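Colleague: how would this look folded up:
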Amino acid sequence: MAIEVSSFFNLMHYEYGEAYFGSYKGMRYRLAREPLENVKFIPVDQRGPATLMATVWPEPNSYAHTDKSLMTSENFEVSQEGLEQAVQWINDQYTSRESEWTK
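Modeller: So this is what the prediction gives:
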């Protein structure tokens, strides 16, 4: 696997409403809890539904400055397994669409 799970923040980080951004050989990616809000101090049973959303897009622009039509996203369960699946999906996006990233 090109991008390792260990390079991402642990699940607790996403409870603070912060996203993780990275790039790999021409592909940029983002992982965040959706909805993106700080729920760290809200009891788990009082939080609304949420997912981990992984997004990829081509370099060079940042997430905020990229046309949304160039982005591809997928949602995963907020769990360690969901985090691992999200990272695998990001890696799969790189390998299955490598020509898009190396233009």
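Colleague: what residue is smack in the middle of the protein?
Modeller: With distances taken as Cα atoms, centre = their mean, Leu31 lies nearest the centre of the chain, 1.9 Å away.
Colleague: Mind jotting down where the helices sit in this structure?
Modeller: 11-14, 80-96, 98-101 (DSSP state H).
Colleague: Mean pLDDT and mean neighbour count added to those helices, as TSV?
Modeller: Yep, even glycine has a C-beta here, placed from its N, CA and C like the rest. Putting the helices of the chain into TSV (pLDDT from 0 to 100; neighbours: other Cβ atoms under 10 Å) gives the following:
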stretch	mean pLDDT	mean neighbour count
helix 11-14	94	16
helix 80-96	98	17
helix 98-101	93	14
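Colleague: Of those, give the one that comes closest to Met27.
Modeller: For Met27, the closest of the helices of the chain is helix 98-101, at 4.1 Å, according to Cβ to Cβ.
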